[in-house]
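# What shape does this take:
(chains A and B)
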Amino acid sequence: MTMNNHGRPTSPDHVPSDRNLDTVSGSRGLLQAEGLIFEVGTPDTTGVDLPKPKNRTGRLGGVARKKGTGLPGLSEPQAVRHYMRLSQKNYAIDLGLFPLGSCTMKHNPRLNEKLARLPGFADIHPLQPQATVQGALELIDELAAWLKTLTGMPAVAMSPKAGAHGEFCGMMAIRQALIARGEGETRKRVLVPASAHGTNPATAVQCGFVVDEIKANEIGRVNMEQLREKLQTSDDIAGIMLTNPNTCGLFESDIREIADLIHEAGGYFYCDGANFNAIVGRVRPGDLGVDAMHINLHKTFSTPHGGGGPGSGPTVLSEALAPYAPVPFVVKDEDGVFRLVEDMEGDASESFGRMVAFHGQMGMFVRALTYILSHGADGLKQASEDAVLNANYIQSRLKSVMTPAFDGYCMHEALFSDAFTAEGIETIDIAKSLIDEGYHPMTMYFPLVVHGAMLIEPTESESKAELDRFCDSLESIARRAAQGDETLKGAPYLAPMRRLDETKAARKPVLKWVEPNADSVAAE
Amino acid sequence: MRYLPLSPEDRAEMLDVIGAKSVDEFYADVPEAARLKGTIEGLPNYQGELAVERHLSKLAAKNRSASSGPFFVGAGAYQHHVPATVDMIIQRSEFLTTYTPYQPEIAQGTLQTLFEFQTQVAAMTAMDVANASMYDGSTACAEAAIMATRVTRRKKVILSGGLHPHYAAATKMVCEAQGFEVVQLPAAIDDENALADAVDDATACVIGQSPNVFGTVTDLSKSAEAAHDKGALLVSVFTEAVSLGLVTPPGEMGADIAVGEGQSIGNGLNFGGPYVGLFACTQKLVRQMPGRLCGETEDADGKRGFVLTLSTREQHIRRDKATSNICTNSGLCALAFTAHMTLLGGKGLEQMALLNHEAACDLADALDAIDGVEILTPRFFNEFAFRTPMDAEAVLAMLDEAGVVGGVRASRLFPDGHMGDVILCAATECTTPEDIAAYAAALKEII
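The predicted model follows:
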């Protein structure tokens, strides 16, 4: 036993073997219990000091709220604690490797946050006179130029709010181009691989198209035979939506041929750019025959994911689709003045319309441009290569204990099937066990074309030491899974919560707090 | 390069483990003709923080920020004061740098704040349930229209003449892509309840706004009743969330779906985005809702916890049968919203709403006193339209020279609306008596 300088022991004599001991407070050491604001706040409290109003409501004309919201407030110290305590129950990329495949959890530089908060960007109104926002329009134009150059595409629509919104933009441009050709009613079929993100088929349907699924071949790429077959009757083909690199983490080796076949069939090639981060600086989508591709600024260019957004999905367009780009967009006049084209006339007379109020995710544009300028052409290329190298390193280190879904090298993410697990042990058990090891799980059960899929994307942000530590953990879990270790099924044991009952949540959804004993609107 | 931890030695060692000679081998599937040699031409190489900061600061300095002088622009985005605490909270790494809470055991922070957000939005709109946010108000409006067609199995959507034109355009675009008919009622400052006369047996929903784009507040109950009589839904829209503290909320008017922009609470102007779309509806429509939903459940030890739920509506499960293609939403902006609301509480929201209304009343009084100015909005919350005897664009330009950003010309939003002499302006708790005096003095000088 060690003593401190008062002669008192610094470690206890008896360490209980059960570490799940209950506490009176419900807290567990640094992990503080925290109720809902409706349980800790009171309706009379406010944590904002505002001037006292004079209670004039004359100009409302009687259109006044009858019943108050009844919402509680918290004083500032209470509010700060509330959110700090909750924050401690979240995993984050700033805490450790976040290998969520296809989601690209890379480091979020703080310079991006700092610059997005400059009043000249954060405190300007989308409808103030354009002469007073020339710097903002110039920034949009500068980012647009980078995106066009990096993709080798002639045009970019900046207003889409996220990846799926960018898909919508690209598919609407295709729809408009078909209408302009007089084939809007006849060309309705969109080919979508089975491995696609769910947003792809959902987007196609939202644009009025019909989805026709193509299977993957045995090496994880588009089945060319089936593609040719589907194109035999091609007068109804609107286009294809293809992710490249695809969701199996593989580059579509036949991509040029796919593009040619689609074009010959009279359709357009939409590329889902969710995985652009693997190829920046190595290949330009414009050289692959792509007609439209969204870029997730929150993936490739590291604007933070923020627990589910905001995203930003600028969409690059080919010469053929550029005339149909949505309004608004920025143009630079000959006198060097930047101007917003907001109405569907002149430069925008063929535009398919407006997708959203105002001009897109400016806050994300600032962050993305900051990231791009910080990296430069050389850094962006190196980042892609490091992301791919890291993924291949993980694949190599784990291939003896786990089952790679496909042979050969991968791009920026390594995909495994659950073939190596003993009966009864599933992908979810491996994922939840990673939580106990201090990691966020990989993407699980996606893509759908691989049984029990585990998709691991380390990104370029990880050092070799971090990768080794992660591989050691996952390797150990994989061995236990292969041996049929039943304890995996109870994981996680060490997280703030044990496994949560999602079935119960969906059966009788409780979607808001209801005062106990109040008239229940608990959901049906 | 400061963001890349691998050293050249690491890279060599890793390639060795993999058994590859260089990273080029990983890119072997790229068609030969498309492979880029070296770095892309014409682009600069990496730069340090100082250089990047210098460049971006130069661009920022070319913009006039709202706080730098008297500022009266509204029409869908509003200048409000956001407590410093809010920005501190959303910059916490654990919130800022995490993903959609797919793994609830290690995402209870995000999930609990979403559950609180949903409860707050439901209470503010006086609706039964709210989702975990949409991109913004305009896309929420479009999603509401599509949801109504799904619920009613009808194909016609009617938009009021006071619906924000950007919202109308976004909704029209989405609806028409899916083969639905959109009827746009003529632009009108005070005729939201024209929806009641327009609704028919083929109508899926009528969409009205209060306060509308001209600032007019309207009790839409009449439209709700008429819609319900015909088996249609009322979608009630707002662009100014602070109004919910004072103005009749959607739920008190019989709305089936309430959508709006949440930017005013917790979020800065940001030149139009990112913002946060609010989406609420009645209990019986829950399963037709778009977007993420957070629900309460228990863990294996019986402890209360929260998860994303009803995901069988969503694209990652339902694919082409999903209620929407939305995936990423506005998580962090929703956090800013809920944190600001938690500080305000119901009482603070009401107080803030009153201050907004009073500032707008003072502004209207000051402008109304000027010869030639006609206030057009009969009942308003914090913004209104007024007519000037001159072209609005010229007036705004001259105001600008006097240091006053006086509002938006109505013709920017309604290019074909014959409103060349109309200005839309807003006042908030940020507006001082001096700002109002400066506006009135400058305007008087001009006209």
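
# domain ranges for chain B?
Domain ranges of chain B: B:8-57, B:66-81+B:345-446, B:84-340, per automatic domain parsing.

# Using TSV, please lay out those domains together with mean pLDDT and mean neighbour count.
The C-beta positions use only the backbone N, C-alpha and C, and glycine is treated the same way. Below are these laid out as TSV (pLDDT from 0 to 100; neighbours: other Cβ atoms under 10 Å in any protein chain shown):
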stretch	mean pLDDT	mean neighbour count
domain B:8-57	96	15
domain B:66-81+B:345-446	97	21
domain B:84-340	97	24
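
# A:Ala144 sits in which helix or strand?
Taking DSSP states H and E as the definition, one finds A:Ala144 inside helix A:134-151.

# What mean pLDDT does stretch A:51-65 get?
The average pLDDT within stretch A:51-65 is 92.

# just so I know, which of the domains of chain B lies nearest chain A?
Closest approach to chain A among the domains of chain B (Cβ to the nearest Cβ): domain B:66-81+B:345-446, 2.0 Å.

# Briefly note if that closest one comes near chain A.
Yes. Counting by Cβ under 8 Å from any Cβ of the partner chain, contacts between domain B:66-81+B:345-446 and chain A involve B:66-68, B:71, B:73, B:75-77, B:79, B:345-352, B:354-355, B:357-358, B:360-361, B:364, B:378-381, B:396-397, B:400, B:405, B:408, B:412-413, B:415, B:429.

# quick one: which of those sit in strands?
Of the residues of domain B:66-81+B:345-446 next to chain A, the ones assigned to strands by DSSP state E are B:Val408.

# Angles on the backbone of B:Ile423, please.
When read as degrees, to the nearest 10, the backbone of B:Ile423 gives phi -120, psi 140.

# That one: what's it in contact with?
Shown in contact with B:Ile423 (Cβ atoms under 8 Å, 6 or more residues apart in numbering or on different chains): B:Ala385, B:Phe386, B:Thr388, B:Ala392, B:Val395, B:Leu396, B:Gly406, B:Gly407, B:Val408, B:Arg409, B:Ala410.

# Give the other helices and strands that the longest strand along chain A contacts.
The strand that spans the most residues within chain A, counting by DSSP E, is strand A:237-243. In terms of contacts (3 or more Cβ pairs under 8 Å, 6 or more residues apart in numbering or on different chains; DSSP states H and E), strand A:237-243 is packed against helix A:163-180, strand A:189-193, helix A:199-206, helix A:255-264, strand A:268-272.

# What are the contacting residues of that strand?
By Cβ under 8 Å, 6+ apart, the list of residues contacting strand A:237-243 from outside reads A:167, A:171, A:174-175, A:178, A:187-193, A:195-197, A:200-201, A:203-204, A:209, A:222, A:231, A:252, A:255, A:258, A:262, A:265-272, A:274-275, A:291.

# So which of those residues reach chain B?
Subset of the contacts of strand A:237-243 in contact with chain B: A:Glu167, A:Arg175, A:His197, A:Pro201, A:Thr203, A:Ala204, A:Glu252, A:Ile255, counting by Cβ under 8 Å from any Cβ.

# can you pick the most crowded of those?
In terms of neighbours by other Cβ atoms under 10 Å in any protein chain shown, these top out with A:Thr203 at 36 neighbours.

# Check the secondary structure at the nearest residue to B:His166 once chain neighbours are set aside for me.
Spatial nearest neighbour of B:His166, chain neighbours left out: A:Ala357 (3.7 Å); criterion: Cβ to Cβ, 6 or more residues apart in numbering or on different chains. What DSSP: H, G, I helix; E, B strand; the rest coil gives for A:Ala357 is coil.

# And the strands in chain B?
Per DSSP E, chain B carries strands over the ranges B:129-130, B:156-159, B:181-184, B:203-209, B:233-238, B:257-261, B:277-281, B:294-298, B:304-308, B:374-375, B:383-387, B:408-409, B:422-426.

# Which one of the ones you listed lies nearest to A:Arg479?
Nearest to A:Arg479, of all those, is strand B:304-308, at 29.9 Å by Cβ to Cβ.

# Now do the closest one: distance to the chain's middle.
26 Å (Cα atoms, centre = their mean, to the nearest Å).

# quick one: strands adjacent to that strand?
Paired neighbours of strand B:304-308 in the sheet (DSSP bridges): strand B:294-298 (antiparallel).

# Which residues are in contact with the residue of chain A found nearest chain B?
Of all residues in chain A, A:Gly73 sits closest to chain B, at 2.0 Å by Cβ to the nearest Cβ. By Cβ under 8 Å, 6+ apart, the contact list for A:Gly73 reads A:41-47, B:342-348.

# Look up the closest residue to it, ignoring the ones flanking it.
B:Gly345 (2.0 Å).

# residue contacts, that neighbour?
A:Gly41, A:Pro43, A:Asp44, A:Thr45, A:Thr46, A:Gly47, A:Leu71, A:Pro72, A:Gly73, A:Leu74.

# go again using 10 Å as the cut-off
By Cβ atoms under 10 Å, 6 or more residues apart in numbering or on different chains, the residues touching B:Gly345 are A:37, A:41-48, A:69-75, A:79, B:120, B:351.

# same question, A:Gly26
A:Gln32, A:Ala33, A:Glu34, A:Gly35, B:Lys303.

# go on, B:Leu335?
A:83, A:86, A:306-308, B:86, B:89-90, B:92, B:95-96, B:109-110, B:113-114, B:116-117, B:133, B:266, B:276.

# what's the longest helix in the chain?
Looking at chain A here, since you left the chain open. Counting by DSSP state H, the longest helix found in chain A is helix A:362-398.

# Correction: the question concerned chain B.
The longest helix of chain B (DSSP H) is helix B:331-368.

# between the contacts of B:Ile423, which is closest to A:Lys54?
Nearest to A:Lys54 among the contacts of B:Ile423, counting by Cβ to Cβ, is B:Phe386 at 22.9 Å.

# Please report how far that closest one lies from B:Met419.
Applying Cβ to Cβ, to the nearest Å, the value for B:Phe386 to B:Met419 is 11 Å.

# what do these two both touch?
B:Phe214, B:Leu376, B:Ala392, B:Ala410.
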